[in-house]
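K.L.:
Sequence first, then the predicted structure:
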Amino acid sequence: MKFSVCIKQVPDVSAPISIKDGTLTQDSDRMVLDAYSASAVEEALVLIDKHGGEVQVVLVGPEKAKETIRKALAMGAASGVHIVVDDVSGLDSGAYAEILAAWHKKSDYDIILTGKQSQDTDAGLTGGMLAWKLELPYAANAVGLTYDNEGGKLTVTRQGDSGQEMIELTSPCLVTCSNDMNEPRIPSLKGIMQSKRKKVETLQLGDLGLDPDTLSSKTSKTKGQGYKEVPGREPGKKLEGDPEELVTELVGLLENEAKVL
Amino acid sequence: MSKILVHIATSEGKIKRSSLEVMSYCKTLADKNSMTLEAVVLDPDPAKYTDQLNTYGPDKVYQVKHPIFKNHLNAAVIEALSKVIDQSGPRLCAFASTESAKEVIGALAARHDAAAIPDVAGFTINNGSVDAERPVMAAKVLSKTSSSSELVLVSVRSGSYDLAENPGNAETVAVDFDFDESGLRAVLKEVLSSAGDKVDLSEAEVVVAAGRGIKDENGRKLVEELAETLGAAIGASRAVTESGLFPATLQIGQTGKVVSPQLYFAIGISGAIQHVAGMANSKVIVAINKDPDAPIFQYATYGLVGDLFKILPPLTEELRKIKGA
Amino acid sequence: MEDKFDCIIVGGGVAGLSAAITLARNDMKFLLIERGEFSGSKNVSGGVLWGEGLSKLVPNYWEEEDAGFERFINHRRLTFMDSDSTFSIDFKSDSFGEKPYKGVIVLRAKFDNWLSEKVEEAIGASKYPDESFLAPNILVEEVLMDGDQAVGIRAGEEKFFADSVIIAEGVNNLLTRQVGLQDDYVPADALAVGLKEIIKYDQTVLEDRFQLNGLSGMSNEFIGTATQGVEGGGFLYTNKDSVSFGLVLGMISLRDSGLKPYDILNEFKAHPVIRDTLKGGEVVEYSAHAVSTGDMKVMPKEIYGNGVLVAGEAANLLMNSGKAIQGMDYALHSGVLAAETIVEAHKSGDFTKNTMKTYRDKLEKSFVLQDMKNFQGAVEFLHSKQMFESVPGLVCDFGKQFFSIKNEPTPKTRHMLSKSVKKHSSYWQLLKLGIKGARSL
Ligand SMILES: Cc1cc2nc3c(=O)[nH]c(=O)nc-3n(C[C@H](O)[C@H](O)[C@H](O)COP(=O)(O)OP(=O)(O)OC[C@H]3O[C@@H](n4cnc5c(N)ncnc54)[C@H](O)[C@@H]3O)c2cc1C
Ligand SMILES: Cc1cc2nc3c(=O)[nH]c(=O)nc-3n(C[C@H](O)[C@H](O)[C@H](O)COP(=O)(O)OP(=O)(O)OC[C@H]3O[C@@H](n4cnc5c(N)ncnc54)[C@H](O)[C@@H]3O)c2cc1C
Ligand SMILES: Nc1ncnc2c1ncn2[C@@H]1O[C@H](COP(=O)(O)O)[C@@H](O)[C@H]1O
C-alpha cells in the first residue's frame, strides 16, 4: 500500500500576531508542519505499521520548507517530494490543488491523505479539489481509518453533521484527516538522524508542465485583500463571591438584563 | 450579475437555522444588487419545505428529490448541485457552513472551475466582486478575501446573520435526478449517532459546554443536569471529547462545530482560541471557571469565578425553580 | 552502534548553540539535543546580549534582513527609585550605533530559533552535512558514563554515544550534578527568580515614547522600591514593538518577605513613574524563571571532567553587577571555548581531563572568569541591604530637594545632601558603602 500524504508548511499560529495597515506580522517567523497534515502523516504511519507499505510526503512550498519535509521523514515517512515554489503569496487552495494534481497524475499511489484544513488558512478546500481533479472517491474530516487488506477497501469514519458517518472507499482514493484522529508522534532521535539520509525529490513547476507565471492568476481564483482584527466582544461582568450569591446574581442578570431565560 | 443560489440544508425534516440565516441575508443582498434569489433543496421529500422557504422570499426553489439524500453522501450531493448550478447559472452560490457543505464545496468548485470562499463571517458584492471576511490563523484575525470569478461559492458560519422574514411566493422547479449508486467507489455503510446528537448542537438556542474542569463522571452529571433543566444541547471542549467523557460529535471549536446560541455556558473551559473560534458568535456567554485569569473571561458576558462543583448544583436548582414555574 | 559522534551537546540555549556553530565550522560530527519544541521555546528570559561575541560567531549578522535580534542598545539608564520618585543616570551615545553593536536586545524564542538556523547552515556548509543533527523536543535524562569517562547520553529508551559531551543545560543543572561536577545541594542565596512580562505597543507609540530611531533601543535597570525591599532589581528593555519588563528577586530574601513575586511586580508597575512609562501597553506574556545571582561560591566544583564540559549558566557563569545582567554573553563565549576544546581533543585523540582542562584555562584567561572574579565585590555590594533600601531613598530625597524651586531661600546643595543622608543613613555608613562600591566596580 502506498500512501501519498500532502503536507503543508504553515506559520506557527500560536505566536502572537499583530495587524498594521492591513498587513499581518507575527512575533515569530517560525514555520512548522501543519497540525492537520501531521495527523495525516501519523495516520498513514499507523496503517503501514499494521498492513505494510510505504509513506511518501508531498509538499508545495519555498526552499526553506524542506525542514518541514524532514520533520515528516523524521516521524517515519520513507521519502519526500518537494515542489518548489518560492513565492507562495499569490496561491490559494485551488492553486495548490492544481499543482498537487499535476504531480499525482505522474506518480503512483493507492491512498492520498491531506489535512481536513490547514492551520493558517483554515480553508479545507485542497483535499476535495484534488480528489475531483484526480477523479478519486473521497471523504473529508476523517476521525478514524481502517483498512481491509483483502478487498483494498478503506473504511473512513468521518465527523458529519449528525453523528459519525462510516464510508467505505475503494482505492485509489483520498481522505482528509481531522487532528482529532490521533496525536502525531514526536520524532525520536533515531528518526531525526535517519531523516537526513532519506530521499527528497525536488521539482520545479516547469517539471510538472505548469507555468509559474500564470499559475497564480489562472488557478488562484481568490485574492487576499489584507487582514483585520476580529471584532471584540463587549466587556462583560465578572462576578466573585460565594457560590450561593453568585448563583442568585447570575440568575437575576440572565432574567432581567440579558433576558434569555 | 444575476442570480444568487442558496443551498438549503435540512435535518430531521426541518430547515437548518443557519441556512435560513443565509437566506435572510441573501435576500437583502439580492434586492440591493437587483439579483434573483433562488434556493435548492436536496431531500427525499423536498416539497415539504416550500412553505417555510417562502417566508424568506426566494424567487425560485429547485427541488431535487431522491431517497439518497436521507443521509449525506458527497458524490450524490455534488452531482445534484452541479446539475442545478448548470440549470440556474448563478453568479453566487451560498451555503451554511455545515460539515456536509464543507465536504463538497472544494470538489464542486473544482468541477465548475469556480472560486470557493469557505467559512466566512460575512460577505458582500461590490462591483462584480464577491468580498468576504473569514477567520484565519487559529481565528485570531480576519482575512479579507475577494473573487471576481464567474461563479463564486461561499459558505457562511452560523450566527453571522440574523433571521429576517420576507414572505413571497416562489416558483418551484422539480429537478430530474437519477442517481446510480452501483458504480460508486464510495459507499455509506452506517451513521453512528450518539445520545448527544439528539439535540442538534449547531442549531441549539442554549448550549451548555463542558471543559476539562469537569474532571470526571461526577462533573459530567452536573453538566447534564444543568443542560436538561435548560433544555440545552451539550457541547464540549477538545480536552473533554479526547478524554471520552463526551462523544467527539459534541466538540465545539475550530476543528469541531461552530455554534451561535442565545445562551452559552462555558463550564470549566479555559477559553483557548481554538475553542473560542467555535462559540464567539453566541449572544450571551456565561463562564464558570475557578481561575480568575482564564482567557474565557475575556469573552464572557457574565463570568463567575469559582468552583464549578460548588456553583452548578445551586444553579441548576435555582433554574429548575424558574423553569418549573 | 552505527555512528558515534565527536560530541553531544545537551541544551539548545545560547551556550549549546554557540558550541554547535563552532563545532560545525570545524567539521566535527555532533548531535545537539534540546528538550523544548524548538530552541528558545523554553527560554523566557529576554534581555540584552552584551558585547561583540555574536559578531564573531555570526559575522555581519546585522546585514541579514531579519536577524534574530530586536534592537541594538544606544541608550542606557540606571534608575534609583523610592515610593514616588525616580532619579536616573542616563547615557545615550551615537557611537553605540557603530557596528558591531555593543549590545543587542533579544527575545529568546526568536533569537534562539534564529541561532539554531545558523547552526543548520553551518552544518550544511561543513564536511559532514548529513552527520550532525539538531534534535528538538527530546529530553536528555542521563549522561552515560564508562567509569569516570562520559561516553554518551540517554533519552528515554534511546542511547547515543560520543567522544565527548558538552552540558549546556542552563540554570537547573541536573546533569551537571549527575556527572558529579556540582553538589546536589546549592544554597538558595545564590539563586534568584526572574519575572518577566512582555508588554506590547503600537510600534510608533513605542518609538516615540522611548525616543527610538530605526533599530536603536534602550535598556533601563531599576534599584530601590521596585522590589518592595526584597533584594534585587528591575529591568526594562525595548523590543521592536514591545518592552520586556520585569524583576530579578533574591530567592531567600523573597521567601523571608512572605510576598508573592507577582504582587511585587504589580506594585512595581503601579509606581507612579513606571505607570506613566508603561501606559497604554498590553501584557501579552508573563513568565518566571530561575536565574543565578552570579555568586562564584556556587560554581560547580569543576567545569570539566573526563569527556565532559559544562558551559553557560549550567556552570553558573553569570554576573549581575547592577548595571547589567550578563548571562548570555558568558554562555556564548563559554560555548565557543568548550567547542574549541573538543576540536583540540579530537585532533589529539585524547578526551580525558588532560585535554578537557584547557577549557578551564581558556575561560580563566577570558573576560568571563576574569570579570566574575574581579567583580565579585560588586555582586556582594549590589546585594547589600543599603543598595536596594537606603541608597535609592537617599538619592531620590536629594533629587526632590535639588530639583524643586520653592520661592523661598534655597539651601546650598551641600545642605540638601546632608539632610538626605541623615534621613536615610549616616555619613559613616555612606562612606563605608562608597569605599566598598568604589573598590568593587
Ligand atoms: C489545530 C488545533 C485545533 C484545535 N481545535 C479545537 C476545537 O475545535 N475545540 C476545542 O475545544 N479545542 C481545540 N483545540 C485544543 C485547544 O487548544 C485547547 O487545548 C482546549 O480547548 C482546552 O480545553 P479546556 O478548556 O477544556 O481545558 P483546559 O485548557 O485544561 O482548561 C480547563 C479549565 O478548567 C478550569 N477548572 C478546573 N477545575 C475547575 C473547577 N473545579 N471549577 C471551575 N473551573 C475549573 C481551569 O481553571 C481551566 O481554565 C485545538 C488545538 C489545536 C492545536
Ligand atoms: C528574567 C531574566 C532576565 C535576564 N536578562 C538577561 C540579560 O538581559 N542579559 C543577559 O546576558 N542574560 C540575562 N539573563 C540570563 C540569561 O538568560 C542566561 O544566563 C542564559 O540564558 C544562559 O544560557 P544557557 O545557554 O547557558 O542556558 P539556557 O538559555 O537556559 O539554555 C539551556 C537549554 O537547555 C535545555 N535543556 C535543559 N536541560 C535539558 C535536558 N536534560 N535535555 C535537553 N535539553 C535540556 C533547555 O530547554 C534550554 O533551552 C536573564 C535571565 C532571566 C531569568
Ligand atoms: N502547499 C501545500 N503542499 C502540500 N499540501 C498542501 C498544501 N496546501 C494544502 N495542502 C494540503 O491540503 C490540506 C488542506 O489545506 P487547505 O485547503 O489550505 O485548508 C492541508 O492540510 C494539506 O494536507
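P.N.:
Yep, it's here. Ligands and ions are numbered 1, 2, ... in the order given.

K.L.:
The stretch 201-350 of chain C: strands as residue ranges?
P.N.:
C:216-224, C:232-238, C:242-250, C:282-292, C:304-305, C:308-310, C:319-320, C:325-326 (DSSP state E, counting those that start in this stretch).

K.L.:
Following element in sequence after the lowest-mean-pLDDT helix or strand in chain A, please.
P.N.:
Least confident helix or strand of chain A, by mean pLDDT, DSSP states H and E, is helix A:212-219 with a mean of 78. As assigned by DSSP states H and E, the chain's next helix or strand after helix A:212-219 is strand A:223-229.

K.L.:
Check which element follows that next one along the chain.
P.N.:
strand A:237-240.

K.L.:
Can you list the buried residues in the helix or strand just after that next one?
P.N.:
Using DSSP H and E, the helix or strand that directly follows strand A:237-240 along the chain is helix A:243-252. Residues A:Pro243, A:Leu246, A:Val247, A:Leu250, A:Val251 are the ones in helix A:243-252 that count as buried (16 or more other Cβ atoms under 10 Å in any protein chain shown). In this view, the C-beta of every residue, glycine as well, is placed from N, C-alpha and C.

K.L.:
re the thing from before, out of the strands of the stretch 201-350 of chain C, which is closest to chain B?
P.N.:
Across the strands of the stretch 201-350 of chain C, the minimum distance to chain B, taken as Cβ to the nearest Cβ, is reached by strand C:282-292, at 9.3 Å.

K.L.:
and that closest one, which residues are buried?
P.N.:
So, applying 16+ other Cβ under 10 Å, buried residues of strand C:282-292: C:Glu285, C:Ala288, C:His289, C:Val291, C:Ser292.

K.L.:
Stretch B:165-177 now?
P.N.:
Per 16+ other Cβ under 10 Å, stretch B:165-177 contains these buried residues: B:Ala170, B:Thr172, B:Val175, B:Phe177.

K.L.:
and which of those is nearest ligand 2?
P.N.:
B:Phe177 (60.8 Å; Cβ to the nearest ligand atom).

K.L.:
and chain A, which of its residues are near ligand 3?
P.N.:
Remark: the part of chain A in contact with ligand 3 comprises A:6-8, A:34, A:36-37, A:40, A:58-61, A:93, A:96, A:114-115, A:117-118, A:121, A:123-127, using Cβ under 6 Å from any ligand atom.

K.L.:
Looking at the residues you listed, which are in strands?
P.N.:
Of the residues of chain A next to ligand 3, the ones assigned to strands by DSSP state E are A:Cys6, A:Val58, A:Leu59, A:Val60, A:Gly61, A:Thr114, A:Gly115.

K.L.:
If you rank those residues by neighbours, which is first?
P.N.:
Ranked by the number of neighbours (other Cβ atoms under 10 Å in any protein chain shown), those place A:Thr114 first, at 32 neighbours.

K.L.:
I'd say that residue and A:Ala38 touch.
P.N.:
No. Using Cβ atoms under 8 Å as the test, A:Thr114 is too far from A:Ala38 to be in contact (11.7 Å).

K.L.:
Which two of the buried residues of stretch B:165-177 have the greatest separation?
P.N.:
Spanning the widest gap among the buried residues of stretch B:165-177 are B:Ala170 and B:Phe177, at 19.0 Å by Cβ to Cβ.

K.L.:
quick one, helices of the stretch 201-325 of chain B?
P.N.:
B:217-230, B:238-243, B:273-276, B:308-324 (DSSP state H, counting those that start in this stretch).

K.L.:
biggest strand in chain A by residues?
P.N.:
Max-length strand for chain A by DSSP E is strand A:138-148.

K.L.:
chain center to it, what's the gap?
P.N.:
Once both centres are worked out by Cα atoms, centre = their mean, to the nearest Å, strand A:138-148 turns out to sit 15 Å from its chain's centre.

K.L.:
does the residue in the stretch 51-200 of chain B that ligand 3 sits nearest to sit in a helix, a strand or a coil?
P.N.:
Proximity to ligand 3, evaluated over the stretch 51-200 of chain B using Cβ to the nearest ligand atom, is greatest for B:Gly106 at 7.0 Å. Here B:Gly106 is helix, with the state taken from DSSP: H, G, I helix; E, B strand; the rest coil.

K.L.:
Can you tell me the closest non-neighbouring residue to it?
P.N.:
A:Gly128 (2.8 Å; Cβ to Cβ, 6 or more residues apart in numbering or on different chains).

K.L.:
can you pull the contacts of the one you found?
P.N.:
Taking Cβ atoms under 8 Å, 6 or more residues apart in numbering or on different chains, we find A:Gly128 in contact with A:Tyr138, A:Ala140, A:Thr176, B:Glu103, B:Val104, B:Ile105, B:Gly106, B:Ala107, B:Leu108, B:Ala110.

K.L.:
swap the cut-off to 10 Å and go again
P.N.:
A:93, A:97, A:114, A:116, A:138-140, A:174, A:176, B:74, B:78, B:102-111, B:116 (Cβ atoms under 10 Å, 6 or more residues apart in numbering or on different chains).

K.L.:
How about C:Gln228?
P.N.:
C:Leu247, C:Leu249, C:Leu254, C:Ser257, C:Leu259, C:Asp263, C:Ile264, C:Leu265, C:Glu267, C:Phe268, C:Phe388.

K.L.:
of these, buried ones?
P.N.:
For these, buried by 16+ other Cβ under 10 Å: C:Leu247, C:Leu249, C:Leu254, C:Ser257, C:Leu259, C:Ile264, C:Leu265, C:Glu267, C:Phe268, C:Phe388.

K.L.:
ok, so of those residues, who is nearest ligand 3?
P.N.:
C:Leu265 (41.0 Å).

K.L.:
What distance do you get for that closest one to A:Ile17?
P.N.:
25 Å (Cβ to Cβ, to the nearest Å).

K.L.:
report the longest helix in chain C, please.
P.N.:
Assignment by DSSP state H gives helix C:328-348 as the longest helix of chain C.

K.L.:
tell me the angle the next helix or strand after it makes with helix C:328-348.
P.N.:
With elements assigned by DSSP H and E, the helix or strand that comes after helix C:328-348 is helix C:353-365. Between helix C:353-365 and helix C:328-348, the angle comes out at 150 degrees (axes from the mean of the first three to the mean of the last three Cα atoms, to 10 degrees).

K.L.:
Just name whatever secondary elements helix C:353-365 is in contact with.
P.N.:
strand C:158-167, strand C:304-305, strand C:308-310, helix C:328-348, helix C:367-374 (3 or more Cβ pairs under 10 Å, 6 or more residues apart in numbering or on different chains; DSSP states H and E).

K.L.:
and C:Met356, what does it touch?
P.N.:
C:150, C:164, C:302-309, C:338, C:341-342, C:344-345, C:350.

K.L.:
what does chain A put close to ligand 1?
P.N.:
A:Ala35, A:Gln119, A:Asn179.

K.L.:
Three-state assignment for C:Asp6, please.
P.N.:
strand.

K.L.:
So what's the residue count around the residue nearest to it when sequence neighbours are not counted?
P.N.:
Nearest residue to C:Asp6, sequence neighbours excluded (Cβ to Cβ, 6+ apart): C:Met28, at 4.4 Å. C:Met28: 25 surrounding residues under other Cβ under 10 Å.

K.L.:
where does C:Met28 fall, phi/psi-wise?
P.N.:
phi -90, psi 150 (degrees, to the nearest 10).

K.L.:
Once you drop chain neighbours, what's closest to residue 236?
P.N.:
Defaulting to chain A. B:Thr301 (4.3 Å).

K.L.:
my question was about chain C
P.N.:
Nearest non-adjacent residue to C:Leu236, counting by Cβ to Cβ, 6+ apart: C:Asn220, 4.3 Å away.

K.L.:
For stretch A:29-45, give the mean pLDDT please.
P.N.:
Over the span of stretch A:29-45, the pLDDT mean works out to 95.

K.L.:
who touches C:Arg90 in this structure?
P.N.:
I think there's a mix-up here, since residue C:90 is Asp and not Arg. C:His75, C:Arg76, C:Arg77, C:Leu78, C:Thr79, C:Met218, C:Asn220.
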